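Chemist: Here is a sequence together with a model predicted from it:
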Amino acid sequence: MNEYMTISNAYVTGDLSPENKAVASCKDGDTVVFDCRNCYDDRLMADGTVIEPEKSIANPATGPLFVEGAMPGDTLKVEVLDIKLKGKGYMRQSIVCGAFKERYTERRVKEYDVSGEKVQFNDTLSFPIRTMIGVIGTAPVEGHQSTEVPGDCGGNMDCKEIVAGSTLYLPVNTEGALLSMGDLHALMGDGESLVCGLESAGWVTVKVSVVKGWKLPTPCLIHEGGKRFSTIQSHPDLYMSAKKAANCMLDFLTAYTTMDDYDGGRLLSLKGDLAICHIINDLLTVRMEIDTSILDAYGVKLP
Ligand code: CA
Ligand code: CA
């Protein structure tokens, strides 16, 4: 599809770990394409049947990619350049978690055409497609983090702002960073109330760069268009997720501007916006957003 190295969707993982063997490697600053299966491992059919379910990987992520020069303590900058979808989009009712689980007894499946610029939701409603990346992360410090959960190294954050044109910063915990991604959603609202977005397979083109010498509140994100900046945090308690995201932002502001805790606290109470990324499992993800004009005013230029 282009001249960039593509990591095949034959190489998927169900966890993020420093023990995982890299399936590809690239240089600092390279552009790489990740060919991603959908969250149903490309096995869910419109009639609800699952092809060879015993072979299925839950929420598979393509990778991991070894980025040359990335060392523990660095930050990996991931610029999302493009996302192209393939196949159909699917939604499947959850009966085990999510905001509406008590209302359902059956796991209905609905298939959607996601080949155009809009998705026809039903006879009455259609919406522009805005594809986001549900799972994207580096390796954690140790152990195996399932691709079904988020963590300090990213993972299943389901932040709807991780779209083409955005830039995500992730921690480097192991040599090479070991970046993986998948779980694309052609569309999703904040919270992911039903525990699925418009689940789709596709190709994600990213530029990966190693950032040295910055202490960023990872994971953090420059939104598409560059006007918003978010800190993203997860915790079993939604209040604690929000508190962590807000405090990450405050720590960053006090480290890189002349504001102290008092000034920064007042600022974030006026101009910091908390948003729920997802409420889908035992670790809930929240982001705090600010305008990047606040950073500009202090001459803070993100790497
Ligand atoms: Ca997800
Ligand atoms: Ca998903």
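Modeler: All right, it came through fine. Ligands and ions are numbered 1, 2, ... in the order given.

Chemist: got a list of what Thr292 touches?
Modeler: By C-beta atoms under 8 Å, 6 or more residues apart in numbering, Thr292 lies in contact with Ile222, Gly226, Lys227, Arg228, Phe229, Leu302. In this view, the C-beta of every residue, glycine as well, is placed from N, C-alpha and C.

Chemist: Is there a quick PyMOL command that grabs whichever of those residues are buried?
Modeler: Filtering these down to the buried ones (16 or more other C-beta atoms under 10 Å) takes a single PyMOL command:
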select buried, resi 222+228+229+302
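
Chemist: Which ones among the contacts of Thr292 map onto strands?
Modeler: Ile222, Arg228, Phe229 (DSSP state E).

Chemist: can you pull up the bridge partners for the last one?
Modeler: When bridges are taken as DSSP bridges, the partners of Phe229 come out as Ile222, Ile290.

Chemist: Ok, the one 5 residues further on next?
Modeler: Beta bridges link Ser234 to Thr285, judged by DSSP bridges.

Chemist: doesn't Asn281 make contact with it?
Modeler: No. In this structure Ser234 lies outside contact range of Asn281 using C-beta atoms under 8 Å: 9.7 Å.

Chemist: Quick check: the residue of the stretch 201-303 of the chain nearest ligand 2.
Modeler: Ile280 (8.2 Å; C-beta to the ion).

Chemist: mind listing what whichever residue of the stretch 101-250 of the chain sits closest to ligand 1 touches?
Modeler: Closest contact between the stretch 101-250 of the chain and ligand 1, by C-beta to the ion, is at Gly134 (3.4 Å). Gly134 makes contact with Cys39, Asn59, Asn156, Met157, Asp158, Gly182, Asp183, Leu184, His185, Met188, Gly197, according to C-beta under 8 Å, 6+ apart.

Chemist: Out of these, which are close to ligand 2?
Modeler: Cys39, Asp183 (C-beta under 5 Å from the ion).

Chemist: Let me have the contacts of Gly134 in JSON lines, extended by secondary structure, pLDDT and distance to Glu52.
Modeler: Converted to JSON lines, these look like this (DSSP: H, G, I helix; E, B strand; the rest coil; pLDDT from 0 to 100; distance: C-beta to C-beta, whole Å):
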{"residue": "Cys39", "secondary structure": "coil", "pLDDT": "97", "distance to Glu52": "16"}
{"residue": "Asn59", "secondary structure": "coil", "pLDDT": "96", "distance to Glu52": "17"}
{"residue": "Asn156", "secondary structure": "strand", "pLDDT": "98", "distance to Glu52": "23"}
{"residue": "Met157", "secondary structure": "coil", "pLDDT": "98", "distance to Glu52": "29"}
{"residue": "Asp158", "secondary structure": "coil", "pLDDT": "98", "distance to Glu52": "26"}
{"residue": "Gly182", "secondary structure": "strand", "pLDDT": "98", "distance to Glu52": "19"}
{"residue": "Asp183", "secondary structure": "strand", "pLDDT": "98", "distance to Glu52": "20"}
{"residue": "Leu184", "secondary structure": "strand", "pLDDT": "98", "distance to Glu52": "22"}
{"residue": "His185", "secondary structure": "strand", "pLDDT": "98", "distance to Glu52": "24"}
{"residue": "Met188", "secondary structure": "coil", "pLDDT": "98", "distance to Glu52": "27"}
{"residue": "Gly197", "secondary structure": "coil", "pLDDT": "97", "distance to Glu52": "24"}
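
Chemist: And for the closest residue to Pro150 other than its chain neighbours, the neighbour number?
Modeler: Of all residues beyond its chain neighbours, the one nearest Pro150 is Ser234 (4.1 Å), with distances taken as C-beta to C-beta, 6 or more residues apart in numbering. Ser234 has 27 neighbours, counted by other C-beta atoms under 10 Å.

Chemist: List the residues that contact Ser234.
Modeler: Val149, Pro150, Gly151, Met157, Ser241, Lys244, Leu283, Leu284, Thr285, Val286.

Chemist: One more: Tyr112?
Modeler: So Tyr112 contacts Lys88, Gly89, Tyr90, Met91, Val119, Gln120, Phe121, Ala186, Leu198 (C-beta under 8 Å, 6+ apart).

Chemist: Need the mean per-residue confidence for the biggest helix by length in the chain.
Modeler: Looking across the chain with DSSP state H, the single longest helix is helix 238-256. Helix 238-256 shows a mean pLDDT of 98.

Chemist: what sits against Leu179?
Modeler: Leu179 neighbours (C-beta under 8 Å, 6+ apart): Gly63, Pro64, Leu65, Val67, Leu76, Val78, Ile136, Gly137, Thr138, Leu170, Val208.

Chemist: now the first one, nearest residue through space, not along the chain?
Modeler: By that I understand Gly63. Using C-beta to C-beta, 6+ apart, the closest residue to Gly63 is Ser180 (3.1 Å).
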